[in-house]
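A.B. asks: give me coordinates for this.
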Amino acid sequence: MSSAEKTAEMQELFDRAAKSYDQSGVEFFGPIGRRLVEFSGISAGNRVLDVGAGRGAALFPAAEAVGVRGEVTGIDISEEMVRYANESIAALGLDHVGVTTMNGQRPEFPAGRFDAVIGSCSLFIWVKTADDVVPYRELLRPGGRFATAAPSFFSTVHGKWSLFPDAVSDLLMPYMLQSLKQNGTYDSQFAEAGTNWLVSEESILKTLAGAGFVDCEVVEEDLPVVVTSGQQWVDFTCTTGMRGMWERIEEEERARVVAEVSRRLDALRADDGLITVPVPIVYVRAVAP
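C.D. replies: Numbers count the residues shown, from 1 in each chain. Model (predicted):
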């Protein structure tokens with residue numbers, strides 16, 4: 001599949017997911033976006049670019065951090081994501097915030113335009129090498145900050161991924177890998193886990209340094225994801241990019257998989273009736289010299 005075809009497939013996937021994206025009632029993207037903005041060091045008056053802004057999980061915390069003297073620009077490849085984000089911006093009356101449709105791999109802005117470039121649960125989808133990070137450094141003024149967050153890939157060398165609870169990892173990983181063979185668009189970092197830039201802190205730091213950044217830092221933190229049932233966890237994943245994995249499973253087989261996932265996760269229910277799954281999230285920041 002060509003690069004253009006992969007980009008189109010990604011756009012279509014997130015257009016389909018946009019209506020329910022981050023709307024499942026499960027706290028996930030919001031806490032990550034807020035933590036990323038805090039971790040990035042964005043401050044009042046800054047000009048910020050949010051790459052892969054989605055419906056605004058990091059966009060709106062960034063808008064609060066910069067205040068009315070600052071400016072936040074969001075870009076996303078999905079026209080539907082952009083539409084929903086702009087509806088929220090209008091409802092909140094945020095004159096210093098805007099979102100536009102644009103390919104996050106090739107942001108079309110002047111060099112040195114921003115004080116900070118961030119990407120919450122987005123850049124990991126397409127970034128593979130230092131060359132893929134260079135465009136973000138070029139958009140920063142000297143001393144500007146780059147920051148991104150992603151579900152941790154540290155465990156992929158052991159055949160696991162942080163977004164899959166241990167209780168269902170062995171069941172779902174084969175389907176994730178199969179979806180890559182069929183398409184190769186989303187979660188492409190799995191294709192060669194051993195050479196994935198996100199596979200270790202050392203690899204991340206090397207990639208950022210290779211892109212010309214300095215003062216690079218990496219932190220992995222657990223985010224407790226709380227659901228009321230295994231079915232709610234499945235529903236939540238269908239409102240994320242993992243929707244692509246579920247869509248590639250034949251209907252009858254998918255029903256069996258969902259039932260087994262629900263059974264295993266329901267067995268983890270605590271006395272308060274809730275199921276808490278810790279998800280390791282990696283936060284990365286660096287400075288443009």
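A.B. asks: got a list of what the spatially most central residue of the chain touches?
C.D. replies: The chain has residue 121 as the residue nearest its centroid, 1.1 Å off, counting by C-alpha atoms, centre = their mean. Shown in contact with residue 121 (C-beta atoms under 8 Å, 6 or more residues apart in numbering): 29, 32, 52, 54, 57, 149-151. The C-beta positions use only the backbone N, C-alpha and C, and glycine is treated the same way.
A.B. asks: who wins on neighbours among these?
C.D. replies: The residue in the contacts of residue 121 with the most neighbours, by other C-beta atoms under 10 Å, is residue 149 (30 neighbours).
A.B. asks: quick check, it in a strand?
C.D. replies: Yes - the assignment for residue 149 (DSSP: H, G, I helix; E, B strand; the rest coil) places it in a strand.
A.B. asks: of the contacts of residue 121, closest to residue 18?
C.D. replies: residue 54 (8.2 Å; C-beta to C-beta).
A.B. asks: I'd assumed residue 83 was in contact with that closest one.
C.D. replies: No - the criterion here is C-beta atoms under 8 Å, and residue 54 misses it with residue 83 at 11.8 Å.
A.B. asks: can you pull the phi/psi pair for the residue nearest to the centre of the chain?
C.D. replies: phi 50, psi 40 (degrees, to the nearest 10).
A.B. asks: do the same with residue 152
C.D. replies: The phi/psi pair for residue 152 (degrees, to the nearest 10) is phi -60, psi 140.
A.B. asks: hey, what's the closest residue to it other than its chain neighbours bridged with?
C.D. replies: Spatial nearest neighbour of residue 152, chain neighbours left out: residue 280 (3.8 Å); criterion: C-beta to C-beta, 6 or more residues apart in numbering. Under DSSP bridges, the beta-bridge partners of residue 280 are residue 222.
A.B. asks: can you pull the pLDDT of residue 280?
C.D. replies: On pLDDT, residue 280 comes in at 95.
A.B. asks: so it makes contact with residue 219?
C.D. replies: No - counting by C-beta under 8 Å, residue 280 does not reach residue 219; the two are 10.5 Å apart.
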